[in-house]
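> Just a sequence and a predicted model for now, questions to come.
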Amino acid sequence: SALHLFPDSVRLENGSSRCSGRLEVKSNNSWSSVCEDDFDLLDAEVVCRELGCGAPSVLQGALYGEAEAPILTREFLCEGHESVLLDCGSSWRKTKACPPDKAVGLTCSDPATVRLMGSSRCSGELQVKRGREWRAVDAQGFLRTETTFTNVCKNQKCGPHVSLTTKQFPREKPVFQIISLCFHTFPVNIEECAYDDTMSSQTIEITCL
């Protein structure tokens with residue numbers, strides 16, 4: 001059953017940035033910590049995505065101090081593709097007690113500028129972020145080199161790139177085009193490399209292992 005959360009329903013406390021800290025979840029208008037045993041890497045992927053951060057890099061109990069809020073007696077059951085923790089299933093924890101030093105702490109990588117939107121974090125349509133806007137990348141003019149795709153997969157903390165397809169849409173949609181000078185460093189400095197006066201009906205899908 002889904003646990004009813006509210007908008008602005010997750011936060012990371014006590015860390016060095018909004019992308020790291022002790023996880024707290026808003027439930028019935030109050031904040032609670034989450035037990036380390038009830039939270040795994042798939043759940044962490046969803047939280048990092050919801051906060052607009054990159055992929056999770058560290059996940060462990062008491063990393064950012066002991067729990068100060070009550071600890072939820074819920075186990076999260078995310079599949080990894082959800083956009084917010086609210087969309088994940090959850091179940092009652094079998095054992096009720098969870099010591100404060102088991103409150104889960106999480107470090108996500110820096111705010112994401114590249115993502116693969118699909119069935120998992122490592123497979124889907126290649127999208128980049130400029131400012132606050134995410135758009136797919138135009139397939140036409142995209143330099144298809146092994147280095148480019150390897151860099152994307154590495155950026156997403158996935159295995160090596162295994163396949164690339166061009167996705168065809170019936171109608172054109174707004175996309176970002178990548179400036180050709182940027183391909184040797186893609187996806188680093190993506191904000192300076194994308195321009196947006198482009199409509200296209202073809203985008204790129206990448207699958208990493």
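Okay, I see it.
> tell me the mean pLDDT for stretch 136-150?
Mean pLDDT, stretch 136-150: 86.
> Give the buried residues for that stretch.
A136, V137, D138, A139, F142, T148, F149 (16 or more other Cβ atoms under 10 Å). For glycine as for every other residue, the C-beta is placed from the backbone atoms N, C-alpha and C.
> got it, and stretch 23-34?
Buried positions in stretch 23-34, judged by neighbour count with 16+ other Cβ under 10 Å: L23, E24, V25, K26, S27, S32, S33, V34.
> again with stretch 8-25
Buried-residue list, stretch 8-25, by 16+ other Cβ under 10 Å: 9-13, 15, 19-25.
> The chain: strands as residue ranges?
5-14, 20-27, 30-33, 56-61, 74-77, 89-92, 104-108, 114-120, 123-130, 133-136, 161-178, 194-208 (DSSP state E).
> what's the average pLDDT for the last one?
Averaged across strand 194-208, pLDDT comes to 89.
> got the angle for it vs strand 114-120?
Orientation of strand 194-208 against strand 114-120 (axes from the mean of the first three to the mean of the last three Cα atoms, to 10 degrees) gives an angle of 40 degrees.
> circling back to that earlier point, could you redo the buried residues of stretch 23-34 as CSV and give each row distance to M199 and pLDDT?
As requested, the buried residues of stretch 23-34 are arranged in CSV below (distance: Cβ to Cβ, whole Å; pLDDT from 0 to 100):
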residue, distance to M199, pLDDT
L23, 40, 94
E24, 42, 94
V25, 40, 93
K26, 39, 89
S27, 42, 80
S32, 45, 91
S33, 46, 92
V34, 43, 92
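> ok, of these, which one's closest to T113?
Nearest to T113 among the buried residues of stretch 23-34: L23, at 23.2 Å, using Cβ to Cβ.
> what's across from that closest one in the sheet?
L12 (DSSP bridges).
> All set now, cheers.
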